[in-house]
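> Give me the fold of what follows.
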Amino acid sequence: MSLKWVHFPLHPETPNEGLSLEELFAGRDLDIPAIQRHQRKLMGFEGLPYGNRTHTFNSRLAQELSKWGERFSQSSMLNHKIFEAYFVHGQNLADKKLLVKLAGEVGLSTQEAEKVLRNRTYKEEVDFDWLRSRQIGISGVPTFVFGKYAISGAQSFEILERFVVENTHKS
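From the prediction side, this is the model:
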C-alpha cells in the first residue's frame, strides 16, 4: 500500500491576493479563534506546527508545483514546506516566487519550478485530481480514501490506523 496525494479545490474561487478568514467565512457565525485553537491542539498532538494565519489564499499553483514534485524523492519535503508556508507562516501560496523558493529549499531546480509554474505544465493533472475528488464525493480536507471508503478531517494516528484495518477486511 502506498500513499498518493490527490489535490482538491477547497476554495478555488479565492483570488490570488487572498481573503481574510472573516471574509471567507462571512455570514457563517463561526468563532475563528476557537477553531484555530482547536486546530492547533490537534496539530500539536501529531507534532505538527500550526501558526495563527489570518488569511486564506488560492492554492492552485501550489498544487501544480506539488504534482510536479511527485517526480522527485523530495516530494514529501516539498509538501511539508508548502504546508508550513501556509499553515505556520500564513504565506500566500498563489505567489510564484514563494513557490519557486520553496522548491529550491528542498533541493529542486528553481529554474525548472519557475518554468513549470509559468507554463502550467501540471494543470491538466491537477484538473484530473479535482474531477476525481468531485466524483468520489470529497468535500473537505484532508480526506483519506482507502478503497471505496473515506474519512474526512484531521484525524489521530489511532483513528486512521483503525480506519485502514477495518476497511482492509471490507475490500
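> CA only for contacts and neighbour counts going forward, please
Fine.
> After the helix or strand where residue 35 lies, which helix or strand is next?
Assigned by DSSP states H and E, residue 35 falls within helix 32-45. Using DSSP H and E, the helix or strand that directly follows helix 32-45 along the chain is strand 55-56.
> helices or strands up against that following strand?
strand 19-20, helix 21-24 (3 or more Cα pairs under 8 Å, 6 or more residues apart in numbering; DSSP states H and E).
> Any chance of the ones you listed in JSON lines with mean pLDDT as columns?
JSON lines is the format used below for the helices and strands packed on strand 55-56 (pLDDT from 0 to 100):
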{"stretch": "strand 19-20", "mean pLDDT": "96"}
{"stretch": "helix 21-24", "mean pLDDT": "95"}
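> Can you say which of these is nearest to residue 50?
Evaluated with Cα to Cα, these place helix 21-24 nearest to residue 50, the distance being 15.5 Å.
> I would like the residues contacting the closest one, please.
Helix 21-24 is contacted by residues 32, 54-56 when judged by Cα atoms under 8 Å, 6 or more residues apart in numbering.
> Check which residues of the helix or strand where residue 76 lies are buried.
Element membership for residue 76, per DSSP H and E: helix 75-83. Neighbour-count burial for helix 75-83, counted by 16 or more other Cα atoms under 10 Å, picks out 75, 77-79, 81-83.
> which two of the residues you listed lie the greatest distance from each other?
Across the buried residues of helix 75-83, the longest distance by Cα to Cα is 12.3 Å; it joins 75 and 83.
> Near residue 64, how many other residues are there?
22 (other Cα atoms under 10 Å).
> Please enumerate the strands of the chain.
Chain-ordered strands for the chain, with DSSP state E as the definition, fall at 19-20, 55-56, 143-146, 149-152.
> Could you list the low-pLDDT ranges of the protein?
Within the chain, the segments meeting pLDDT under 70 span 1-3, 171.
> Can you give me the domain boundaries for it?
1-135, 137-171 (automatic domain parsing).
> Find the residue closest to residue 85 in space, skipping its chain neighbours.
Distances taken as Cα to Cα, 6 or more residues apart in numbering place residue 91 nearest to residue 85, at 5.3 Å, with adjacent residues excluded.
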